[in-house]
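Q: generate coordinates for the sequence data below:
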Amino acid sequence: MLRSAWFIAKSDAAYMLGRRETLLWIFVMPIVFFYFIGTVTAGFGESSNQRERLAVRGADNAGFLADELIRRLEGQKYEIVRAASDEELATFTRRLTLPAPAAPHQTFTDAVLAGQQQVVKFDRRRTDDPMAGNYDQIRIGRATYEVLADLAVLRMNGQTVSPDAFAQLAAQPRALTLSVTSAGRRIVPPSGFAQAVPGTLVMFTMLVLLTSGSISLVMEREQGLLRRLASAPISRASVVLGKWAGRMMLALVQVAFAMLVGAALFRIDWGPSLPMVTLVLFGWAAFTTSLAIVLASITRTIAQTAGIGVFSTQIMAALGGCWWPIEITPSWMQTVALFLPTGWAMDAIHKLVNFGYDSSVAIPHVAAMLAGALILGWIGARKFKFQ
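A: Coordinates of the predicted model:
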């Protein structure tokens, strides 16, 4: 039985790897997706290092307190643009306006030092992300209160309020500091190639198996090749095992090539738990192979197989964390991902490669994928049709 299955597996693998569309989706398109998605999402999730533009109106000739406020805003990761007119101010998403002086020849700084209440107005163009507006208010409020706090300290110490006094106060050592670090093993969610390479690998393995792997079986059934194979002196178990093994070989070629390209071209470090990462991807390949056999057994036409294969792959890739780090999504999406095979694979890879966990953390993931492969393989063998 094993000899016959091995013969079928080699023949099927050679046939599928000889097709141009299969070669395209195994050796060319993954590299394109690695580069495109990895480049587009480089720095994604690291917004703390990015600067948003904030337009400030009324800061010119407003005195040194306005300059102090702008310096504190720059410390809150803003790129300050001094708007010369209201028309220019209106072109920006984030807008900050300093109040005009109430008396002639009086500046913003003069009014504050004279004890006159000054209202700084922040306005943000409406967006689909209300949390971003709240974050802006927190940062601008912090910069404003820092200036007020330093002003109160200078007044309390009886010092003359001047730019030099603010500079001396800023140079003094702080009696109280706050150090913020990540708790436990958690780090910033992966971005760029660290997310794109594993995510694309997982997605394309499923895509190739559920399209090329399943469609070739449907084609053989439509063309009567499986009926001819059934009439040969080969057991049904040998045929099913051979078809499964041929597609498993295709999946392993996809995984090995993607891992090598990821390391060589995109500098992906698969981490100290490389053997377990390899085992995770082996389990993923086995699961998708069994799923491909089931899909080919329950569909009747090539169009049905291709449609279901592409649609199911895209849905599970999106919800499982292949397109973006699942760690940045709402909690309900992270829960949904744990019920999807793509989520099992991506969660294990992220923990092993990006979050620094040891190999034992991926044992449940591997067990779930191998168990799923066995169950789906049994279903595929029962449903396997020669005509």
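
Q: past whatever helix or strand residue 144 lives in, which element shows up next along the chain?
A: With elements delineated by DSSP states H and E, residue 144 resides in helix 130-156, which encompasses its position. Heading C-terminal from helix 130-156, the first helix or strand you meet, by DSSP H and E, is helix 163-171.

Q: so who does residue 350 touch?
A: Under the criterion of CB atoms under 8 Å, 6 or more residues apart in numbering, the contact list for residue 350 reads 189-190, 198, 321, 325-327. Using the backbone N, CA and C atoms, a C-beta is placed for each residue, glycine as well.

Q: next, residue 357: secondary structure please.
A: coil (DSSP: H, G, I helix; E, B strand; the rest coil).

Q: neighbours around it, how many?
A: A count of nearby residues for residue 357, using other CB atoms under 10 Å, gives 17.

Q: test my guess that it contacts residue 349.
A: No. Using CB atoms under 8 Å, residue 357 is not in contact with residue 349, being 10.8 Å away.

Q: centre of the chain to the least confident helix or strand in the chain by mean pLDDT, how far?
A: Every helix and strand of the chain was ranked by mean pLDDT, DSSP states H and E. The lowest is helix 225-231, at a mean of 83. How far helix 225-231 lies from its chain's middle: 45 Å, per CA atoms, centre = their mean, to the nearest Å.

Q: for it, buried residues please.
A: Buried residues in helix 225-231, counting neighbours by 16 or more other CB atoms under 10 Å, are found at 226, 229.

Q: quick one: average pLDDT of the strand or helix carrying residue 289?
A: When elements are assigned from DSSP H and E, residue 289 belongs to helix 274-298. The predicted model gives helix 274-298 an average pLDDT of 94.

Q: coming back round to it: next, format the contacts of residue 350 as JSON lines and append distance to residue 284.
A: JSON lines is the format used below for these (distance: CB to CB, whole Å):
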{"residue": "189", "distance to residue 284": "21"}
{"residue": "190", "distance to residue 284": "18"}
{"residue": "198", "distance to residue 284": "11"}
{"residue": "321", "distance to residue 284": "13"}
{"residue": "325", "distance to residue 284": "18"}
{"residue": "326", "distance to residue 284": "16"}
{"residue": "327", "distance to residue 284": "19"}
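
Q: which two from those residues end up farthest apart in space?
A: Checking the contacts of residue 350 against each other with CB to CB, the farthest-apart pair comes out as 198 and 327, at 13.3 Å.

Q: neighbour count: the two, which is higher?
A: A direct count of neighbours by other CB under 10 Å for residue 198 and residue 327 places residue 198 higher, at 29 against 19.

Q: contacting residues for that one?
A: For residue 198, the contact set (CB under 8 Å, 6+ apart) comprises 262, 268, 346, 349-350, 353.

Q: now the helix or strand hosting it - C-alpha only, CSV.
A: With the criterion set as DSSP H and E, the secondary-structure element containing residue 198 is helix 193-208. C-alpha atoms of helix 193-208 as CSV (Å, rounded to 0.1, in the frame of the first residue of the first chain):
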residue,chain,number,x,y,z
PHE,A,193,8.2,42.1,7.3
ALA,A,194,8.0,40.5,10.8
GLN,A,195,4.2,40.4,10.3
ALA,A,196,4.0,40.1,6.5
VAL,A,197,6.3,37.1,6.0
PRO,A,198,4.6,34.7,8.5
GLY,A,199,1.1,36.0,7.6
THR,A,200,1.6,35.6,3.9
LEU,A,201,3.2,32.2,4.3
VAL,A,202,0.2,30.9,6.3
MET,A,203,-2.3,32.5,3.9
PHE,A,204,-0.6,31.3,0.7
THR,A,205,-0.2,27.7,1.9
MET,A,206,-3.9,27.5,2.4
LEU,A,207,-4.7,29.3,-0.8
VAL,A,208,-2.5,27.1,-3.0
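
Q: angle of it against helix 274-298?
A: Between the axis of helix 193-208 and that of helix 274-298 there is an angle of 30 degrees, by axes from the mean of the first three to the mean of the last three CA atoms, to 10 degrees.
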